[in-house]
Each structure stands twice: as structure tokens, then as C-alpha cells.
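1. Below are the sequence and a predicted model; questions follow.
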Amino acid sequence: MIDVVVVGAGLAGLVAARELRRRGLSVRVIEAAPAVGGRMVRTPLKLEALHPAGAQPPAWVDLGGQWVGPSHTRFLALLQAHGLRRFPSPNDGETVLCFGTHRCTFSGFFQGFPEGQPPSVPSRDWDNAMEALEHFQALVASLPEGHPHHHPDAAALDRHSFQDWIDAHTHTPFAAWYFAYFCRAVGFLGPAEPDQVSLLHVAWGQRTAPQGDHPEEELIHGGAGQLPALLAEGLGDALVLKEPVRAIHQATSSSDPAEEGGVEVITDRSSHRCRAAIVAMPPALAGAIRFTPALPADRQALQQGMTMGRCTKVLVAYRRPWWREAGLSGIGIGDRPWVELCADSTDPETGLGVLAAFVVGRRQERWSALGTEQRRAAVLGDLAAFFGPMALEPIAYVEKDWPREPFVGGAFAAWMPPGLWTRSGDALLRPHGRVFWAGTEVAERWPGFFEGAVGSGERAAADVAARLG
């Protein structure tokens, strides 16, 4: 008899399993994919043309999340416990902004909020963007800690899309793009297009995962994606891979087959009896599981409506970080046809130069329909617009199309359309009998980041342990 079954071996599920075992409970972790990690995955760059196989340690890149910030205390503790070393995100030099036919460089601007010298866009455009930003920051500051749907103004904010707010507060194309870019590229529970996502959701995302706290301050030598395998060490037969969970059944009568253990977790190949379960999956993916008794209406609405972000991450490697020779940081933002954001992701121990580029939202839908060579040319063309023609000559190019991943369905995370927070916000964390929820989407602090996943796993484990006594 197992105490707890954890469904999902991403970061949240692995942390929950670790915490439960520390509390003396028996655990089984069931993962649909052939490997642990979820959206936390790394891969070695194929550089045989430069170095024969085995000539040097592989250069790893993160296909999923990669950054960590100074207030990500739980995640930082995990890195330290497993001996994973960090280094500052390489951002010395000028940032490039492309808007329309205008290209300029400036300092102190990263991931959405300006710090220091502004770009040389027309003052009317910049002033409108900054005036609107003041209004947005005031809205953000008015929200409470934690989930936002019980705030007195939540229903009014949740009725509107972020595009409604943009239309009401901006009157220049640059200012309108600035906030649309922020919605798509910055990373709080998305990406989403501004006409798709609730204004309450966007404001809450900035309240609970603020860019002012510098969540992209550091990177990890060898990639963040090495951590899941380290967390899974020691699980042995308690880790089951390539086994999607199809149903979770809770006892409802004395003759019920789940009665003895309370919960029965059913896969294609077997049945796992336990006293409680933690579903550590994005809500949309949890919607593929059949629950008996049925989930309440607000939880069903949450799983049907909370959509995974459309994002492809592209890692482009060069023989050296040549953009630094021109005084550039490797950070590019702009209304390019495909890439609105890219950043230097070079691990200084590899001797290479690596740019991480993101194709998101409706751009990603159009881009993913192109052929392989067309997609590559599209990304490299935008990088060349940011940094120059040397961007067209990489030594390695890797794509991760997250919406095509069958047991993930998208990235960075999931987002709420208008009305869903006030209709279903309580269902994010409320247990369903002896079924508990974990995952970065349900976190009250740093949702969409590693820190949110770790916190949600720890919370779910503590709640289960309290329930089981």
C-alpha cells in the first residue's frame, strides 16, 4: 500500500515526492513522458564540426526554463543542495530595439521594464508608453498578495482583456506594441496575446512575479535541465515512466475497489492504490484525466479554459559571442516578424556564443506551419536585424516547439482568459477529496517560474501530510 501517488515528474512533482519521503511517507511518481523534467529540459549542442566526439565536455543548452533570480530562495536552495553552480546572465553592453524601420541601441532595458537610458524613439511615443506604465504599475500595486480573485475589484478587472486596457491607455503604435510585447514575451503565465488574456491575470502576474525583482539575473552552468534527474535519484522503482494516467478513482462506497487505500490511480498498464494523490500537471493536461467522483464545475471550467502558452524556444550557437565585440549585450527586442525577444545565454565555460530566441503567440502559430528551412531562415533573419549579418552563420541551431510536446502542450506556462479567475480561481488549490494539485500554474508566488513550481510542490506535500496525519 502506497501512501501517495504523484502524477507528473516535472519540477513540482519531484519536489513534492522528495518532501513526502522526508516526512516518512511512501511515494510513487508516475510520468507519461519517457523522461523526467517536464518543461525543464536540456540538450547538448552537436558541434562535431568543431570538436571531434569526446574532445571536450558537451555544451548544454536549456530547451525550457533557464533563468533564476535572487528572490527565488527555494529554487536557489535546491541548486546549492545539488552542487549546481550559477553565473550572472550576460547582459553587459547595449540592448537593441527594432520598431518598424527604426533600429537603436541603448542601455538598461531588459524583459519589459526600463532602467536607465531610454531608447531613441520619438518622445511622444516614449512618453505615452511611460505614462501608461505608471497607470499599470498603480493597478499592480493595488492587488493583494496571493491569488487575486477575492480582491474587491477583481470581477471588474477580470471582465476585460489586457487589450481593452491597452486601447484605453495608449494612443501611439509604439506604446501599444510595448505592452503587447510585454504580455507575449516577458514570461508571467503565458505567453498570451493581449486580446486573449484577462487584465486581472496580467496585473496579477506582475504583482506576484515582478520583473523589478530581476528573475532573469542568473543562469546555471550546464543548464537548469540537469536538476530533475538529480532530484529523481534514489526513487528507483518508485519512479514509473512512459505510463500516462487515464483515471483517478476515489472510494464512494464500502464495495468500492478503491476503498482500502482511498484512491486508485489508473494508467494504461496498471492500477496504483494509495491513500492520497498529488496531480502535478498544468490544469489543461489534468483535464485529460477522468475523475470519479466527477470534479466540481469550477475545476472543470479551469481545466478547459486555462490555456498553455504558445512558445518555441530556439537556441542558436556561434563560435564566439561576437556581438560583444560591437558593444552589444545580446538582448534584442522589437516588432520583428517572428522574434520579439532574444537574449545572450552563453555559458562562459564553453567558449561559444549562444543566443536564446523566442517565437510566441500568433507569431508561433504561423511560424510553426513553415518548413524546416523556412523556420530557420526566419529566426536567423530576425537575429541579423538585431545584431548584424554574422547572425546568419551559426554552428548549431536547435528548436523546441513546446505546443507540439504531447505531455506538455505549451510553454512558458498557462494563462487565464477574461472571466476565468473570478469563476474558477478557488479551484486552483482546493483539493478534490484526497486529490491535491501542484505545478507552477497554481503557485501564489512566482507562478510560471521554477520558484513557483518548487513552492507548489512543497505546499502540496505539506497539505497531504497533514491530511494523512
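-> That came through, no problem. Computed from a prediction, not measured in an experiment: that's the story for all the values here.

2. Show me the domain layout of this protein.
-> What automatic domain parsing lists as the domains of the chain is 2-34+241-295+432-468, 41-111+216-223+310-411.

3. Tell me which of these lies nearest to residue 207.
-> Closest to residue 207 of the domains of the chain, according to C-beta to C-beta: domain 2-34+241-295+432-468, at 9.8 Å. Backbone N, C-alpha and C define where each C-beta goes, glycine included.

4. Endpoint to endpoint, the closest one covers what distance?
-> Length of domain 2-34+241-295+432-468, first residue to last, C-alpha to C-alpha, to the nearest Å: 12 Å.

5. for stretch 204-213, same thing?
-> Start-to-end span of stretch 204-213 (C-alpha to C-alpha) is 15 Å.

6. and it, average pLDDT?
-> Mean pLDDT, stretch 204-213: 91.

7. Now do the buried residues in it.
-> 204-211 (16 or more other C-beta atoms under 10 Å).

8. what would these look like in TSV with distance to residue 357 and secondary structure?
-> Formatted as TSV, those follow (distance: C-beta to C-beta, whole Å; DSSP: H, G, I helix; E, B strand; the rest coil):
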residue	distance to residue 357	secondary structure
204	27	helix
205	22	helix
206	23	helix
207	28	helix
208	27	helix
209	22	coil
210	24	coil
211	19	helix
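
9. Select, from those residues, the two members most distant in space.
-> Longest span within the buried residues of stretch 204-213, C-beta to C-beta: 204 and 211, 13.8 Å.

10. between the domains of the chain, which one is nearest to residue 154?
-> Among the domains of the chain, domain 2-34+241-295+432-468 sits nearest to residue 154 (C-beta to C-beta), with 14.7 Å.

11. Check the offset of the closest one from the chain's centre.
-> The chain centroid and the centroid of domain 2-34+241-295+432-468 are separated by 20 Å, computed with C-alpha atoms, centre = their mean, to the nearest Å.

12. Same check on stretch 166-182?
-> 24 Å.

13. for it, what is the average pLDDT?
-> 95.

14. ok, now stretch 87-103?
-> For stretch 87-103, mean pLDDT rounds to 93.

15. buried ones in it?
-> Residues of stretch 87-103 classed as buried under the neighbour-count rule (16+ other C-beta under 10 Å) are 89-91, 93-99.

16. all helices of this structure, in order?
-> 11-22, 73-81, 123-142, 154-158, 162-169, 173-185, 199-208, 227-232, 283-286, 297-305, 361-368, 372-387, 420-424, 450-468 (DSSP state H).

17. quick one: contacts of the shortest one?
-> Right, helix 283-286. With contact meaning C-beta atoms under 8 Å, 6 or more residues apart in numbering, helix 283-286 is reached by 279, 302-304, 306-308, 407-409, 414, 428, 437, 439, 441-442.

18. list the buried ones in it?
-> Going by neighbour count (16+ other C-beta under 10 Å), the buried part of helix 283-286 is 283-286.

19. Name the nearest of those residues relative to residue 364.
-> Distance to residue 364, by C-beta to C-beta, is smallest for residue 284 among the buried residues of helix 283-286, at 16.7 Å.

20. how close does that closest one get to residue 408?
-> 10 Å (C-beta to C-beta, to the nearest Å).
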